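Participant: Kindly generate the corresponding structure for this input.
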Amino acid sequence: MAKFNRRLARQRRQKRTRKKVIGTAERPRLNVYRSLSHMHAQIIDDFQGHTLVAASTVEPEVKGKMDSTKNREAAKEIGKLLAERAKAKGITKVTYDRGGFLYHGRVASLAEGAREGGLEF
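Facilitator: Just a heads-up that it's a prediction; the model follows:
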């Protein structure tokens, strides 16, 4: 029962955040999802409903370079990879949507990696 309540609480936080954080063409939304084993990040234009850039620890070329996909180092690498792909598409400014997760640990490391890669938020 506790697992359901935790998930429901995260979804409520996510809805509350999404009322305020909107991705535009000039400043798309960087969305983060954290599971127990993987990290997923996307840059989304909400007005068109398109994912512009994505990166994840599930991708074979990323997974092969890392010892573990569950740690902060892996999250930081995903942030850097996402920033690199975004810069290739001409995206430099984003808004950060933590997806209802606390800005701590892997979620914060991903943001740090994206900033190091050149994204501005």
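
Participant: use CA for all of it now, contacts and neighbours both
Facilitator: Will do.

Participant: Buried residues, the helix or strand bottoming out on mean pLDDT in the chain. List them.
Facilitator: Ranked by mean pLDDT, DSSP states H and E, the weakest helix or strand in the chain is helix 2-18, scoring a mean of 87. By neighbour count with 16 or more other C-alpha atoms under 10 Å, helix 2-18 contains the buried residues 10, 13-14.

Participant: would CSV of these with distance to Gly117 be doable?
Facilitator: Converted to CSV, the buried residues of helix 2-18 look like this (distance: C-alpha to C-alpha, whole Å):
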residue, distance to Gly117
Arg10, 28
Arg13, 28
Gln14, 26
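
Participant: remind me which residues of the protein are low pLDDT?
Facilitator: Along the chain, segments meeting pLDDT under 70 span 1-3.

Participant: those strands in it, which residues are they?
Facilitator: Listed in chain order, the strands of the chain (DSSP state E) span 29-34, 39-45, 50-56, 95-97.

Participant: hang on, the earlier thing: just the buried residues of helix 2-18 now: which is nearest Leu119?
Facilitator: When the buried residues of helix 2-18 are compared for distance to Leu119 (C-alpha to C-alpha), Gln14 wins out at 22.3 Å.

Participant: How about that closest one, nearest residue that isn't a chain neighbour?
Facilitator: Gly100 (4.1 Å; C-alpha to C-alpha, 6 or more residues apart in numbering).

Participant: Any figure for the gap between that neighbour and Phe4?
Facilitator: Distance of Gly100 to Phe4, computed by C-alpha to C-alpha, to the nearest Å: 15 Å.

Participant: ok, now Val94?
Facilitator: Look at Val94 and Phe4: by C-alpha to C-alpha, they are 31 Å apart.
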